[in-house]
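In: here's a sequence, model it:
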Amino acid sequence: MAQAPAPKYDQDLREFLENQHGFLVMLSDDPLFVRTLRTTVLKILGIKADCLEVYQDSGLALRGVRDHLGHKSPVLVMVDSLLRGMPTLDFIRGLKGAFPEVKILVMTQETSKESLSQLYEIGVDCVLTKPVSVDTLIEKIAGAIKPQGKISQLVQEARRLLELGETAKVKQISQAILKVKGNSPVALMLMGDALLIEGKREEAIKAYEGAHDGATLYLEPLKKLASVHQGEDDDNYLLYLKKLDVISPLNTERKCEIGKVYVRKNDMDRADVYFGEAIVNAQREATGYLDRIVANIAESVSEASPALAEKYYFKILEMKGENLTKEDMVTFNRLGIALRKQGKWKEAIDNYKKALTVVEGDERVLYNMGLAYADGQQYHMAVSCYEQVLRADPEFHRTAAVVAFNIAYGYHLAKQDDYARKYVEAALEIDPGHVNSKKLMAKLGGG
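Out: You can find the predicted model right below:
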């Protein structure tokens, strides 16, 4: 049984949904996650209010957010990073641009440093990695809707005052935070913003530089410093743009801007480098979407028509060209399986050999290559592949009973029954009822 959520997070979420009449607007096509959220809100927290709306259309979700804000209700928008296989980055950018007061929580399975930096730079308040427990879900939502701790609450109040132009009060709050937490980057950022509104540009720059010195990986001071120097000092503008690019390299527009600055400086070679990287970023987003669409098509026909699946898996690899990586081993293996289902064991082996030029010694590829050799009655070659796998990972055969059986059967057909017995015994340890393993054990004179 799941442990009850921490009372504090529980109370914060109830306060938001019941007392503040807040709304959760969700953009997702993940029915399991939607069900988990509904269960959390309605059953575990016992919220009676109608406070959750789920959309699969970004335009309708945006309209829902606008309507709730129009009724003065606070809104947390929960967005899947992919909707029907397509990135939702443009929706998130548009949402933050139109409604900066909205809190945003992104659900994702992608946790690379670059992708997380990109999300936080856009203005996302919280990132949740799926799958997730109910406890963690409540904690993440509470963290997104309510700042935890006195300093966070002071920061939120200072930002509200900043929008009202109350710069003197903002500076007072900044000083109060700095007394509690010396050199606080957030306090220095607020101080800089207040000074900039007052027209004290040089003092603002010093405050932003102090914020950057206190947290070199914090994007906001760098963005402010770049903005302050834009149109005034190309050298410093470029310096901060490039620092931002190092931390968050997936920002296509920024790479274009860096290229444009180099054009102004008449350095066409460096401009070309950044323009080229911008194009690669844009292609990566487009290709990633296209890959997912084609892979989805291939998987949907893999049982009914291996020949059609072969066509689409091949297309994915063809689109990648020379840019194949370890992540593409899944596609190589699925293509190989589609070929084997058609009796094309030689073509499957050629496919696996190509995969091994990308990632030498990949155990799953070698195992599947062994199966393809066995299809072609090349049993000694099959065993050779299995042995390479087992040298790299001596426990590989314990992945599943069928894996241990396939290795055992290969050894049996290669007339190496001592080894065959070892692996069929392992198969029966994993699944005592495995029919093919029981039959093989009988042939080997055991069990």
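In: which parts of the chain belong to which domain?
Out: 7-145, 150-248 (automatic domain parsing).
In: the shortest one - what's its average pLDDT?
Out: For domain 150-248, the mean pLDDT works out to 87.
In: follow-up on the earlier one: of the domains of the chain, which is nearest L444?
Out: Across the domains of the chain, L444 has its closest neighbour in domain 7-145 (41.5 Å, Cβ to Cβ). All C-beta spots, glycine's among them, are computed from the backbone N, C-alpha and C.
In: distance from the chain centre to the closest one, please.
Out: 16 Å (Cα atoms, centre = their mean, to the nearest Å).
In: average pLDDT across that domain?
Out: What domain 7-145 shows for mean pLDDT is 84.
In: do stretch 324-331 as well
Out: According to the model, stretch 324-331 has a mean pLDDT of 84.
In: just the CA trace of it, in PDB.
Out: Only the C-alpha atoms of stretch 324-331 are listed here, as PDB (Å, rounded to 0.1, in the frame of the first residue of the first chain):
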ATOM      1  CA  LEU A 324      23.400   6.700 -35.800                       C
ATOM      2  CA  THR A 325      23.800   6.200 -32.000                       C
ATOM      3  CA  LYS A 326      23.200   3.700 -29.300                       C
ATOM      4  CA  GLU A 327      19.600   4.800 -29.100                       C
ATOM      5  CA  ASP A 328      19.100   3.400 -32.600                       C
ATOM      6  CA  MET A 329      19.900  -0.200 -31.500                       C
ATOM      7  CA  VAL A 330      16.200  -0.700 -30.800                       C
ATOM      8  CA  THR A 331      15.400   0.100 -34.400                       C
END
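In: gap between it and the chain center?
Out: For stretch 324-331, the distance to the chain centre is 17 Å (Cα atoms, centre = their mean).
In: buried residues in it, which are they?
Out: 324, 328-329, 331 (16 or more other Cβ atoms under 10 Å).
In: wait, isn't M441 in contact with V424?
Out: Yes - between M441 and V424 there is a contact under Cβ atoms under 8 Å: 5.2 Å.
In: and these two? Which one has more around it.
Out: V424 (31 against 20; other Cβ atoms under 10 Å).
In: so the more buried one sits right up against K443, yeah?
Out: No - V424 lies out of contact with K443 (Cβ under 8 Å); the separation is 9.3 Å.
In: picking up where we left off before, got the buried residues of stretch 324-331 as a markdown table, with distance to A158 columns?
Out: Formatted as a markdown table, the buried residues of stretch 324-331 follow (distance: Cβ to Cβ, whole Å):
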| residue | distance to A158 |
| --- | --- |
| L324 | 50 |
| D328 | 48 |
| M329 | 50 |
| T331 | 50 |
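In: a markdown table for those, including distance to Q56 and secondary structure?
Out: Listed next are the buried residues of stretch 324-331 as a markdown table, based on distance: Cβ to Cβ, whole Å; DSSP: H, G, I helix; E, B strand; the rest coil:
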| residue | distance to Q56 | secondary structure |
| --- | --- | --- |
| L324 | 33 | coil |
| D328 | 30 | helix |
| M329 | 32 | helix |
| T331 | 27 | helix |
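In: which one of those is nearest to P100?
Out: D328 (39.3 Å).
In: which residues touch D328?
Out: By Cβ atoms under 8 Å, 6 or more residues apart in numbering, the residues touching D328 are 316-317, 320, 355, 358.
In: among these, which one has the lowest pLDDT?
Out: K320 (76).
In: quick one, phi/psi of L27?
Out: phi -110, psi 100 (degrees, to the nearest 10).
In: L162 contacts D193, correct?
Out: Yes - here L162 reaches D193: they are 5.7 Å apart, a contact under Cβ under 8 Å.
In: L128 in helix, strand or coil?
Out: Under the three-state scheme (DSSP: H, G, I helix; E, B strand; the rest coil), L128 adopts strand.
In: that one and E429, how far apart?
Out: 38 Å (Cβ to Cβ, to the nearest Å).
In: more crowded one of those two?
Out: L128 (19 against 13).
In: so what's that one bridging to?
Out: M107 (DSSP bridges).
In: out of the contacts of D328, which is most surrounded?
Out: Busiest of the contacts of D328 [other Cβ under 10 Å] is A355, holding 26 neighbours.
In: wait, it sits on V365?
Out: Yes - the pair A355 and V365 qualifies as a contact (Cβ under 8 Å) at a distance of 4.7 Å.
In: between the two, which contacts overlap?
Out: The contact sets of A355 and V365 overlap at 329, 332-333, 336 (Cβ under 8 Å, 6+ apart).
In: tell me where the stretch 51-200 of the chain has strands.
Out: 52-55, 75-80, 82-83, 86-87, 103-108, 126-129 (DSSP state E, counting those that start in this stretch).
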